[in-house]
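Participant: coordinates only, no sequence provided:
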């Protein structure tokens, strides 16, 4: 898989913040674990558990010096990220794009 520049090696602290953050964005806590409390269906629960598995893979990857390590249970999120890469060239959701481009691909985002 070819990743965009957002798929950098994460620090353990950064990875834990992604999972446990209580920071608010648009009135919602942004940590993946908090999203478990918002699920309304089995499908949403499986999506959120996969997101958490992905986050754990990012933490373990960071410890080993890699951007990511595949984990049991990450299939849904991995496929979502792969589809985003195919669709618009960034692992992040569309709300993070700058002018429709990956925010970490500075040359492309600014042109």
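Facilitator: Structure received. Values in this document were obtained by computation on a predicted structure and should not be read as measured data. Numbers count the residues shown, from 1 in each chain.

Participant: quick one: contacts for the residue nearest the centre of the chain?
Facilitator: The chain has residue 92 as the residue nearest its centroid, 6.1 Å off, counting by Cα atoms, centre = their mean. Taking Cβ atoms under 8 Å, 6 or more residues apart in numbering, we find residue 92 in contact with 6, 84, 102, 103. Backbone N, C-alpha and C define where each C-beta goes, glycine included.

Participant: farthest-separated two in those?
Facilitator: 84 and 103 (13.1 Å; Cβ to Cβ).

Participant: look at these two and report which has more neighbours.
Facilitator: Neighbours per residue (other Cβ atoms under 10 Å) separate residue 84 from residue 103, with residue 84 holding more: 19 against 16.

Participant: find the helix or strand that the more buried one is a member of.
Facilitator: Assignment of secondary structure by DSSP states H and E places residue 84 within helix 75-88.

Participant: any buried residues in that helix, and which?
Facilitator: Neighbour counts using 16 or more other Cβ atoms under 10 Å place 76, 77, 78, 80, 81, 84, 85 of helix 75-88 among the buried residues.

Participant: helices or strands next to that helix in the packing?
Facilitator: When contacts are defined as 3 or more Cβ pairs under 8 Å, 6 or more residues apart in numbering; DSSP states H and E, helix 75-88 sits against helix 42-63.

Participant: low-confidence ranges in the protein?
Facilitator: Low-confidence segments of the chain (pLDDT under 70): 24-29, 106-111.
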